[in-house]
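A.B. asks: return a 3D structure for these sequence lines:
(2 chains)
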Amino acid sequence: MIKMKLVIIGNGMVGHRFIDDFIEKANLDEYEITVFCEEPRVAYDRVHLSSYFSHHTADELSLVKDGFYAKHSIKVLLGERAISINRQEKVIYSQTGRVVNYDKLIMATGSYPWVPPIKGNEGPDCFVYRTIEDLDAIESSARRSQVGVVVGGGLLGLEAAGALKALGIETHVVEFSSVLMAEQLDAQGGQMLRDKIENIGVKVHTSKNTQEIVRGGGNARNTMKFADGTSLEVDLIVFSTGIRPQDKLAQQCGLKIGARGGVAINNQCKTSDNDVYAIGECASWEDKLFGLVAPGYNMAKVAVDDILGRENVFSGADLSAKLKLLGVDVASIGDANGRTPNSKSYVYLNEQESVYKRIVVSEDGKQLLGAVLVGDTESYSDLLQYKLNNIELPKHPDTLILPAYSGSGKVALGVDALPDSAQVCSCFDVKKSDIADAVVAGHCTIEALKIETGAGTGCGGCIPLITQLLNAELSKQGVEIKNHICKHFEYSRQELYHLIRIEKIKTFKELLGKYGKGYGCEVCKPTVGSILASCWNEYILSSEHNSLQETNDAFLGNMQKDGTYSVIPRMAGGEVTAEGLAVIAQVALQYDLYTKITGAQRIALFGAHKSDLPAIWQQLINAGFETGQAYAKALRMVKTCVGSNWCRYGVQDSVGFGVELEHRYKGLRTPHKMKFGVSGCTRECAEAQSKDVGIIATDTGWNLYVCGNGGMKPTHASLLASDLNKETLLKYLDRFMMFYVRTADKLTRTSVWLQNLEGGIDYLHDVIVNNKLGINNQLEAEMATSIASYKCEWKATLNNEAQLQRFAHFINSDKQDDNVVFIPQRGQKRPAFHQEKVSIYNIHLEKSE
Amino acid sequence: MSNWIGVCTLEKIIPGTGICALVENKQVAIFRPDLSEIVYAISNMDPFAHSNVLSRGIICEHDGQYWVASPLKKQRFNLVDGHCLEDKNVFVDVYKTRIVEENVEVCIS
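C.D. replies: Model (predicted):
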């Protein structure tokens, strides 16, 4: 069979999306696919480019899973540029001299940053902001700089300014027009944005026409000279003055070019050549260029469908956007400037809280034409739906932007008002009906919907709307949505926590009497048991608390499938002495235990009979060990790399710090288990960013990451604060831990907790660092009490004769459970499977007969 | 004829918890939901995992009835008739109990 040769030039976000979509829809056996990728790495997420500065791994931004292209037999020419095309012969020539034939060609060459023709714009301190290489260059220049400037106050320019600010240098923004983000905002919105940005220390200069950049000329390395005679001394300059479609190849091979540049395409994304498509920022549709990723994704889909003979058309795109720039919420929809003839505007301005909102409506007041939101973008998704679906506005459209306390009876747009075809997620073109279908098919959480439909996995702006849709769909199905922990308490875990704290409730019985009903169950008992332990840190096996504990807590070990337990002593930071190892070996031999290194850098002994646990632990405690709490929903351990004591690369003592942290927080009962990691340098050998708390050494202190997770749904931890000294870091951690204990739902890991926390990491940062809720002293005090009252649970249990009696398997016999049977394996043992036990048991029976 | 066998004194069972007793070579899980003198007895074997663990489960109440949740995978078994809430086809054996002069007695035959 002759395969069709498909060649894609360009491996940016849109080029990759094309391949992704093609793989999903086409029978790959029929195609031979080649990709030109000019950059030294395959497609990555340019939208979140500035996050590169906070974690410094290109992998993190990558859109392509390792081995993905190879798996689908796609040939990627990395670092290779196509330099000319012969359309008659259907061949492409690359800069290495390679010749590649094609049957169908897709141009996804993107765009390039346009730098205005200012004298001196090519100096060594001038940069653009487009690729990871650009960012590396900016960062290394910033290390030698005090002052940086971004030329261009548009969306990307402000993004770049945010990056300079984060690199710790004095940041200026120079804009040619009189308003920031003139494309998206009106004058007043632009002014509000400017005020907010200046408040955080970025200096903004509007109506400035840069004429020349001169080397030296003052204290800084360069001086910018403006047309109005003023000047500005700066060390480094980043140009963000717009992008231009990369259409050089198209021009060279004679394809039709749009009026404002870009390869002209029709509704099927075909160029003037039937066998050549153009998609993304390099394409010009009806002489319009699209500098956002969503329309590019849409074009990619249309081109795939056309090649496969499916019907689909590109019909333009909505350029509405909601963003956070330099910490300021900004959103723009449609005709933000009210340029439609006879349109009317409603404006809300609150200078006290720096909020500006404007909606532009049609002459008859029935249709929304556009909107600008600065400082508060909560109404964005509702407004966008009004616009996209031409939903008739309420009688008083201004109610849509007035604050709730105005008592205007704000009409929230019910999701029922949306047509089934309403686009909910514009990044991945997911419709209301797609969400509804997915819920009906059983995907009943936001996480499940994200995986199933892709909705909410791009910019995330539609998540509130998806949540509403999910809830509406569930209530249609008769599912009542409440977060009561169970039938015995009509309260959420968070509410119970507050009741217990505030009313100083010390027992389950007291709580049940005051706020619950019935007897309690397997859900509320351990939940309340855990809250009581978090709050008061009393001995969990006292007669009042014993009946609340899961078996793991009740017998201070992890029950395994055959009813035996594991024994895991604490090895803080993964350290263990030779003497300690010898004792563990001795115990393992004496009780014939299976021995394994756990994923948590410690040693576990498996297969211990409940009745042997006290004797085993007595030996371990005599040797200086203490409980590792591997059975508890609590801090499990702190994983550390070797750190600066031994490692050639380490910059801080990660083991020492890890040991200190583990001892500080050990034993505190949390809503779910917690794992920490401490790495001694940015090589990150402790994999701290996959932990609930990850700490990474820097030259000057420690970076604190939170809410990561390995396990079922790996989540990268988010940076909470950088370059902290130990004292500050401990303070933040105390607050973070207690805030999580306070507010998380039962059995919710920190990653999921953060996902559901309204406002996300920014809100968490506000709470922990800026004391937004004013509770930080309280959180620290609560933690101090908990730390001071730590006791090793095994030590306490061994000193308590009544407790020890509970460990016998039978209350009326010294025998052990004869159903616990082991089979030899790899020099150790494992529990017998049920079938194996049956045959062993039968042999016993035969022998005894 | 019923064969009542004494197991232990009532105060040996912490209210709200269960214990395991060896009665005529059978492992019996005995539960004491509260301070009162009412106790329940079922087989100690979790029929899903084939492990002797039920006495170590949490006692719970659903719809006015007492159950125990297996400590392994949380299936719940009715303390009165032994049926499983998660799977109607699964049962555990239940045994009669009584308290005689502070002593817990079980009858398994």
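A.B. asks: okay, CA-based contacts and neighbour counts for the rest of this
C.D. replies: Noted.
A.B. asks: per-residue pLDDT, the closest residue to chain A within chain B?
C.D. replies: For chain B, the residue closest to chain A is B:C60, as judged by CA to the nearest CA, at 3.8 Å. Model confidence at B:C60, given as pLDDT, is 95.
A.B. asks: with A:D335 instead?
C.D. replies: Reading off the model, A:D335 has pLDDT 88.
A.B. asks: which residue is the nearest non-sequential neighbour of it?
C.D. replies: Spatial nearest neighbour of A:D335, excluding adjacent residues (CA to CA, 6 or more residues apart in numbering or on different chains): A:G370 at 4.3 Å.
A.B. asks: doesn't the one you found fall inside a helix?
C.D. replies: No. Under DSSP: H, G, I helix; E, B strand; the rest coil, A:G370 sits outside any helix and is assigned strand.
A.B. asks: who's in contact with it?
C.D. replies: With contacts taken as CA atoms under 8 Å, 6 or more residues apart in numbering or on different chains, A:G370 has the following neighbours: A:S332, A:I333, A:G334, A:D335, A:A336, A:N337, A:G338, A:I359, A:V360, A:V361, A:K387.
A.B. asks: for it, give me the pLDDT.
C.D. replies: 93.
A.B. asks: touching, A:F489 and A:K517? I think so.
C.D. replies: Yes. Using CA atoms under 8 Å, A:F489 makes contact with A:K517 at a distance of 6.7 Å.
A.B. asks: who has more neighbours out of these two?
C.D. replies: A:F489 (18 against 13; other CA atoms under 10 Å in any protein chain shown).
A.B. asks: and the more buried one, how far from chain B?
C.D. replies: With the distance defined as CA to the nearest CA, to the nearest Å, A:F489 ends up 13 Å from chain B.
A.B. asks: can you check A:Y740 too?
C.D. replies: Per CA to the nearest CA, A:Y740 is found 26 Å from chain B.
A.B. asks: how deep is that residue tucked in, by neighbour count?
C.D. replies: A total of 19 residues lie near A:Y740 under the criterion other CA under 10 Å.
A.B. asks: so what's it closest to, chain neighbours aside?
C.D. replies: Leaving aside its chain neighbours, A:Y740 sits nearest to A:T750 (7.3 Å; criterion: CA to CA, 6+ apart).
A.B. asks: mind pulling up the pLDDT for the one you found?
C.D. replies: On the pLDDT scale, A:T750 is placed at 94.
A.B. asks: what stretches of the chain score poorly on pLDDT?
C.D. replies: Reading this off chain A. Residues of chain A that meet the criterion pLDDT under 70 lie in A:54-56, A:404, A:406-414, A:458-461, A:478-482, A:839-849.
A.B. asks: ah, I was thinking of chain B
C.D. replies: B:1.
A.B. asks: quick check: which element contains the residue of chain B closest to chain A?
C.D. replies: In the assignment (DSSP states H and E), B:C60 maps to strand B:58-62.
A.B. asks: adjacent strands (with direction) for that strand?
C.D. replies: Applying DSSP bridges to the sheet, strand B:58-62 is found paired with strand B:65-69 (antiparallel).
A.B. asks: what about the nearest residue to A:S315 once chain neighbours are set aside, neighbour count?
C.D. replies: Nearest residue to A:S315 in three dimensions, chain neighbours excluded: A:N267, at 6.5 Å (CA to CA, 6+ apart). Other residues near A:N267 come to 16 when the count uses other CA under 10 Å.
A.B. asks: burial count for residue 89?
C.D. replies: You didn't pick a chain, so chain A it is. Taking other CA under 10 Å as the criterion, the count of residues near A:E89 is 9.
A.B. asks: not quite, go with chain B.
C.D. replies: Look at B:N89: counted by other CA under 10 Å, it has 8 neighbours.
A.B. asks: so what are the domain limits for chain A?
C.D. replies: Chain A breaks down by automatic domain parsing into domains covering A:4-112+A:245-307, A:126-241, A:493-549, A:553-622, A:635-788.
A.B. asks: can you list the ones you listed in TSV and add distance to A:K450?
C.D. replies: Formatted as TSV, the domains of chain A follow (distance: least, CA to CA, whole Å):
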stretch	distance to A:K450
domain A:4-112+A:245-307	17
domain A:126-241	26
domain A:493-549	26
domain A:553-622	29
domain A:635-788	12
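A.B. asks: A:E378: which of these is closest?
C.D. replies: When those are compared by CA to CA, domain A:635-788 sits nearest A:E378, at 10.8 Å.
A.B. asks: ok, back up a step: which pair in the contacts of A:G370 spans the largest distance?
C.D. replies: The widest separation within those (CA to CA) is 14.9 Å, between A:N337 and A:K387.
A.B. asks: residue of chain A closest to chain B, please.
C.D. replies: Counting by CA to the nearest CA, chain A gets nearest to chain B through A:C521 (3.8 Å).
A.B. asks: please name the nearest non-neighbouring residue to that residue.
C.D. replies: Nearest in space to A:C521, with sequence neighbours left out and distances taken as CA to CA, 6+ apart, is B:C60 at 3.8 Å.
A.B. asks: pretty sure that neighbour is touching A:P526, no?
C.D. replies: No. Counting by CA under 8 Å, B:C60 stays clear of A:P526, with 11.1 Å between them.
A.B. asks: between the domains of chain A, which gets nearest to B:N103?
C.D. replies: B:N103 lies closest, by CA to CA, to one member of the domains of chain A: domain A:493-549, at 20.2 Å.
A.B. asks: and the closest one, end to end?
C.D. replies: Terminal residues of domain A:493-549 lie 16 Å apart, using CA to CA, to the nearest Å.
A.B. asks: which stretches of chain B form strands?
C.D. replies: Secondary structure of chain B (DSSP state E): strands at B:4-9, B:17-23, B:26-32, B:40-43, B:45-46, B:51-52, B:58-62, B:65-69, B:76-78, B:94-100, B:103-107.
A.B. asks: turn those into CSV, including mean neighbour count.
C.D. replies: Converted to CSV, those look like this (neighbours: other CA atoms under 10 Å in any protein chain shown):
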stretch, mean neighbour count
strand B:4-9, 17
strand B:17-23, 24
strand B:26-32, 24
strand B:40-43, 26
strand B:45-46, 22
strand B:51-52, 22
strand B:58-62, 24
strand B:65-69, 22
strand B:76-78, 25
strand B:94-100, 18
strand B:103-107, 21
